[in-house]
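**Q** Sequence plus predicted model, see below.
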Amino acid sequence: MNLKMGNQFFNNVQIPLLWGKRAIIQDKKNRLSVIDLSNPKAKLEVLADEPAPGITFEPSFAGFKILRDGVPLYSYDPTEKRLESLSLGLPDCQISPWSIRIGSNQFSGNSISGFGVGIAVSENGISVGGPIPQGLAQLAI
């Protein structure tokens, strides 16, 4: 996939931003979508800044929370393009026109090419350019 997200250029990258086990992508209208890859079959959770059809969510002050079995996993603020982990143990992630912010780290003006994952975020840290981790569902766009 080739796309621009948060002033980063992702060329020939399968997953531009992997937040835990969720692929984050942005369309040409700057709307974010979040796809859960933790199960054998990928599941769309956020589609173009809105809760995906059939997903369990609840409104919050600045957006909505995605739930699984009644437990809030993360919140998403579509105005700020900000994901906040509620029970996933991940740093916050925000995509602006100028950068991608993960926790206190800012990425701006980078070109990432030819990797399975452009930027990977885990409970242990951040990596740039790497293979797709084992056990994730295939992302097909």
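**A** Looks like it came in fine. Just so it is clear, the model here is predicted, and its values are computed rather than measured.

**Q** what's the spacing between Glu58 and Leu90?
**A** Glu58 is 20 Å from Leu90, where distance means C-beta to C-beta, to the nearest Å. Where you see a C-beta, it was placed from the backbone N, CA and C, and this is true even at glycine.

**Q** Please apply the same query to Asn105.
**A** 13 Å.

**Q** okay, the two: which has more neighbours?
**A** Comparing Asn105 with Leu90 by other C-beta atoms under 10 Å, the one with more neighbours is Leu90, at 21 against 13.

**Q** quick one: the more buried one and Trp19 touch, right?
**A** Yes: with contact defined as C-beta atoms under 8 Å, Leu90 reaches Trp19; the gap is 6.1 Å.

**Q** shared neighbours of the two, which are they?
**A** Val121 (C-beta atoms under 8 Å, 6 or more residues apart in numbering).

**Q** Low-confidence ranges, the protein, go.
**A** For the chain, the stretches with pLDDT under 70 are 139-141.

**Q** Any idea what the residue nearest to the spatial centre of it is bridged to?
**A** Geometric centre of the chain, nearest residue: Ile24, 2.6 Å, by C-alpha atoms, centre = their mean. For Ile24, the beta-bridge partners are Leu17, Val34 (DSSP bridges).

**Q** Please give me every residue in contact with it.
**A** Neighbours of Ile24 in contact, by C-beta under 8 Å, 6+ apart: 5, 16-18, 32-34, 83, 93, 95.

**Q** how near is it to Asp69?
**A** Ile24 is 23 Å from Asp69, by C-beta to C-beta.

**Q** what do you get for Asp49?
**A** 24 Å.

**Q** Equivalent analysis for Ser113, please.
**A** Counting by C-beta to C-beta - Ser113 and Asp69 are separated by 39 Å.

**Q** out of the two, which sits in the more crowded spot?
**A** Ser113 (12 against 6).
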